[in-house]
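Asker: sequence unknown, structure follows:
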Ligand code: GLN
């Protein structure tokens, strides 16, 4: 086994993607990409090589890089992630962008993030729009601990409550409710691919047809939105029609869907009807 950072990363290129190898190496040595590039001939100690090969093996067996390095970039901030939370996806940045656009028009808005997980959505909104009073809920205490840490590290002012969707919220109302709920159907083969087996089932699947959490959110949100308040829900690539249908049947107006970076219908929303 060779002993410079560049050579070690090159050496495993047939086993894992080069980018992953570089990220694992940077994590191991506690260095940035710039430092990696500046000193490719840095020599590795025997225990560093061993630790690197262990990470490569875990990656090769399917563990997501984000869990191996303990962080993931989202909306230009680095979020801490553990296997207790879903790894934030680039597609989910869409819901933040739409949320911020809505908030721009309001003074001191109240925002609710349902099923916050790592806190990626809630903390991004709080950091980008400090005027907003952001409340984030999750049913998982372990996820809330990660989200709290992210809020503290990144300086986002977010309140956290352990709650099964709206259950612990009383009669509070919000100008904006956002949610990235578990929407993968129980039998979707996707759950067995791409590192998803390492992510919490609770965050990925409703254990049913993929729409049961969304049905619940659509049904209960009107009691927690001000008139004209906006509900934004992320959903699966083939669920936009169904989600629009659910919203159209309720006390909502202005039902719309927005595409993600890959052009897939990814977020559907509507406003609470007045009165
Ligand atoms: N977007 C995720 C995936 O398909 C699922 C996230 C979710 O269920 N909220 O990998």
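Answerer: Cool, got the structure. All values derive from a computational prediction rather than experimental measurement.

Asker: Mind pulling the model confidence for residue 62?
Answerer: Listed pLDDT for residue 62 reads 96.

Asker: residues touching the residue lying closest to it once chain neighbours are set aside, list them.
Answerer: Leaving aside its sequence neighbours, residue 62 sits nearest to residue 195 (CB to CB, 6 or more residues apart in numbering; 5.6 Å). Where you see a C-beta, it was placed from the backbone N, CA and C, and this is true even at glycine. Listed by CB atoms under 8 Å, 6 or more residues apart in numbering, the contact partners of residue 195 are 62-64, 87.

Asker: do residue 118 as well
Answerer: Residue 118 touches 72, 74, 79-81, 85-88, 143, 146-147, 150, counting by CB under 8 Å, 6+ apart.

Asker: give me that answer again for 6 Å
Answerer: 79, 81, 85, 88, 146-147 (CB atoms under 6 Å, 6 or more residues apart in numbering).

Asker: and it, which of the three is it?
Answerer: Using DSSP: H, G, I helix; E, B strand; the rest coil, the structure places residue 118 in coil.

Asker: any idea how far the ligand is from it?
Answerer: 12 Å (CB to the nearest ligand atom, to the nearest Å).

Asker: do residue 211 as well
Answerer: 11 Å.

Asker: can you check residue 22 too?
Answerer: Distance from residue 22 to the ligand, by CB to the nearest ligand atom: 23 Å.

Asker: Residue numbers of this structure in contact with the ligand?
Answerer: Residues of the chain lying near the ligand by CB under 6 Å from any ligand atom: 86, 89, 180-184, 196, 204.

Asker: Most neighbours among those, which one?
Answerer: residue 180 (25 neighbours; other CB atoms under 10 Å).

Asker: how many neighbours does the nearest residue to it once chain neighbours are set aside have?
Answerer: In space, and not counting its chain neighbours, residue 180 is closest to residue 234: 4.2 Å by CB to CB, 6+ apart. By other CB under 10 Å, the residues close to residue 234 number 25.

Asker: dump the residue contacts of residue 234.
Answerer: So residue 234 contacts 95, 180, 267 (CB under 6 Å, 6+ apart).

Asker: Just the ones in helices from the contacts of residue 118, please.
Answerer: Among the contacts of residue 118, the members falling in helices are 146-147 (criterion: DSSP state H).

Asker: now the contacts of residue 118: which count as buried?
Answerer: 79, 81, 85, 88, 146-147 (16 or more other CB atoms under 10 Å).

Asker: coming back round to it: which single one of the contacts of residue 118 is nearest to the ligand?
Answerer: Nearest to the ligand, judged by CB to the nearest ligand atom, of the contacts of residue 118 is residue 88 at 9.8 Å.
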